[in-house]
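In: quick one, structure for this:
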Amino acid sequence: MTTGAPTRTETTAPPKAGLLIAVLVGSAFVMILNETILSVALRDLTVDLGVPATTVQWLTSGFLLTMAVVIPITGYLLERFTPRAVFLTSLSLFSAGTLLAALAPGFEVLLAGRVVQAAGTAVMVPLLMTTIMRLVPPERRGATMGTITIVIAVAPALGPTIGGAVLAGLGWRWMFGLVLPLALIALVVGARYLRLTSQTRKVPFDVVSVLLSAVGFGGLLYGLSSIGESGGGEHPVPPWVAIAVGVVALAVFVGRQLRLQRADAALLDLRVFTRRPFSVAVTTSVPLFMCLIGASAILLPLYLQTVLGVSTFVSGLAVLPGGLVLGLLGRPVGTLFDRVGARPLVLPGAIATAAALWLFATLGAGSPLVAVIGIHVLLMAGLGLMMTPLMTEALGSLPDHLYSHGSAVLSTLQQVAGALGTAVFVTVAALGSAAGAAAPDEAGLRTAFVVAGVVGLVALVSATFVRGTRRDGPRSDDDAVAADSAA
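Out: Alright, predicted model coming up:
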């Protein structure tokens with residue numbers, strides 16, 4: 001490696017690598033499940049907590065936003081601290097947030113609990129991705145990364161189903177009360193078995209970058225959600241001002257990272273974008289996650305409950321088949337990626353995703369429930385064909401010393417995309433509904449699904465740039481340094 005290249009964080013594969021990955025996957029599944037478990041309870045929470053629907057949706061958007069703010073720090077954390085220390089901190093935060101949410105007397109405390117939960121969850125997915133990339137040989141990464149699909153895709157997809165069942169029988173507090181023992185069990189098991197031999201190095205922690213990231217993403221989400229909440233009326237901070245501040249802060253954040261990375265001091269090393277496969281995969285993943293979280297996990301339950309008038313339990317069951325399809329596709333699609341590469345899988349998936357979103361836009365009050373379920377299954381099948389190949393293609397194109405930063409960038413943009421999708425689609429649904437409507441109506445939801453269909457077409461266009469051949473393994477560090485110098 002040439003002088004000035006980043007120092008690697010070496011991780012020696014332990015004898016029980018499969019067990020360690022299983023512990024991480026199980027822990028991450030329980031944590032990511034909480035992204036959307038409250039989505040079917042939004043209507044009930046508006047009554048119990050006495051706040052409007054566009055404010056309650058911050059229990060989901062706030063969770064995603066907190067993850068987007070914290071995830072960029074994980075590149076630093078995974079270099080500075082051992083995987084064991086990062087894991088224990090992550091589970092401890094999540095458990096504390098879950099307990100706080102279960103005992104919350106009102107909306108403010110419940111939101112605080114969700115934020116603490118998200119701070120712990122944010123660290124887990126990059127830790128899982130980085131561990132897999134370092135412990136699993138290149139020829140088996142596709143199949144192994146397929147298990148991550150269960151975590152970052154199936155868990156949010158199953159959230160409404162589990163949430164609906166718990167809400168129907170026990171109440172919303174038990175959504176957290178039942179998760180807490182699982183989190184504590186994962187914490188104990190991880191403390192016992194997660195022992196990776198690793199080398200850490202002292203890297204600078206740039207507080208200014210963290211603040212810029214928080215202001216940037218927070219401004220965007222606050223502005224978009226405020227438009228729907230205020231309906232264009234008065235608001236303490238004008239929505240468009242918040243959006244403008246967010247955009248400027250993110251631009252400054254990017255510029256600062258480009259300067260800091262010359263001295264290997266960036267909070268988030270953006271040299272990962274000098275790899276074309278990584279850039280294309282990330283660009284395609286953004287609209288994908290906007291639709292997964294915003295359209296599937298938020299808009300669809302709202303449509304089922306407010307337009308079709310089904311119960312929260314039935315709406316949860318309605319999305320279960322699609323969630324199962326998404327989970328069942330993870331491992332087989334990953335195995336196919338190891339054989340044929342990304343393009344033969346991503347393109348059909350993008351076509352199916354766009355078609356399903358436009359079919360949602362044709363639904364109305366008289367649409368049969370079986371048709372809704374069928375369209376949702378098509379959407380989940382399309383997303384399942386895309387997700388594992390895109391993640392593996394992105395991280396597999398990076399050298400070892402950029403794994404942690406690549407996983408942090410990928411996870412950050414995925415969560416931002418989910419939060420943006422939620423804010424944009426809920427805002428459009430609110431603005432498209434009749435004046436004075438307590439919740440989005442049929443016309444507003446149809447408009448939101450049309451916007452989701454346009455986002456699906458963007459994903460389809462981006463998918464055409466995914467390469468058609470499979471590459472065995474990442475670039476060497478010498479290749480990486482040469483590419484960085486050229487860039």
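In: show me what contacts Ala371?
Out: Leu363 (C-beta atoms under 8 Å, 6 or more residues apart in numbering). Placement of C-beta: from N, CA and C, glycine included.
In: okay, and it sits in which element?
Out: helix 369-396 (DSSP states H and E).
In: may I see the buried residues of that helix?
Out: Within helix 369-396, the residues scored as buried using 16 or more other C-beta atoms under 10 Å are 372-373, 375-396.
In: do the same with stretch 348-361
Out: 349-361.
In: just the ones in helices from those residues, please.
Out: 349-360 (DSSP state H).
In: tell me the centre residue of this protein?
Out: What sits nearest the mean C-alpha location of the chain, by C-alpha atoms, centre = their mean, is Gln415, with 3.7 Å.
In: just checking, that residue touches Pro72?
Out: No - in terms of C-beta atoms under 8 Å, Gln415 does not count as a neighbour of Pro72; the distance is 10.4 Å.
In: find residues that contact each of the two.
Out: By C-beta under 8 Å, 6+ apart, no residue touches both Gln415 and Pro72.
In: and Leu250, how many neighbours does it have?
Out: Leu250: 18 surrounding residues under other C-beta atoms under 10 Å.
In: where does the nearest residue to it once chain neighbours are set aside sit: helix, strand or coil?
Out: What sits nearest to Leu250 in space, not counting adjacent residues and going by C-beta to C-beta, 6 or more residues apart in numbering, is Gly216, at 3.6 Å. Judged by DSSP: H, G, I helix; E, B strand; the rest coil, the three-state class of Gly216 is helix.
In: where along the stretch 201-350 of the chain do the helices fall?
Out: 207-230, 239-260, 276-289, 300-306, 312-318, 320-340, 343-360 (DSSP state H, counting those that start in this stretch).
In: out of these, which is the most enclosed?
Out: helix 300-306 (a mean of 25; mean count of other C-beta atoms under 10 Å).
In: and that one, average pLDDT?
Out: Average pLDDT, helix 300-306: 88.
In: which neighbouring elements make contact with it?
Out: If you count contacts as 3 or more C-beta pairs under 8 Å, 6 or more residues apart in numbering; DSSP states H and E, helix 300-306 packs onto helix 42-49, helix 312-318, helix 369-396, helix 442-463.
In: hmm, try it at 10 Å
Out: Using 3 or more C-beta pairs under 10 Å, 6 or more residues apart in numbering; DSSP states H and E, the elements in contact with helix 300-306 are helix 42-49, helix 155-169, helix 312-318, helix 369-396, helix 403-432, helix 442-463.
In: before we move on, back to that, OK, contacts around the residue nearest to the centre of the chain?
Out: Residues near Gln415 by C-beta atoms under 10 Å, 6 or more residues apart in numbering: 35, 63-71, 118, 121-122, 125, 152, 217, 289, 293.
In: and Leu267, by the same measure?
Out: 72-76, 203-210, 212-213, 253, 256-257, 260-261, 405, 408.
In: which of the ones in helices among the buried residues of stretch 348-361 lies closest to Val248?
Out: Leu357 (31.5 Å; C-beta to C-beta).
In: quick check: the closest one touching Met380?
Out: No - here Leu357 lies out of contact with Met380, judged by C-beta atoms under 10 Å, at a distance of 11.9 Å.
In: residues that sit against both of these two, list them.
Out: With C-beta under 10 Å, 6+ apart as the test, Leu357 and Met380 both reach Ser296.
In: check what pLDDT the closest residue to Ala265 other than its chain neighbours gets.
Out: Spatially, and ignoring its direct neighbours in sequence, Ala265 is nearest to Pro204 (4.8 Å; C-beta to C-beta, 6+ apart). pLDDT recorded at Pro204 is 73.
In: same check, this time on Gly233
Out: 48.
In: next: Ile227.
Out: Model confidence at Ile227 (pLDDT) stands at 62.
In: low pLDDT regions in the stretch 351-487 of the chain?
Out: In the predicted model of the stretch 351-487 of the chain, residues 436-438, 468-487 satisfy pLDDT under 70.
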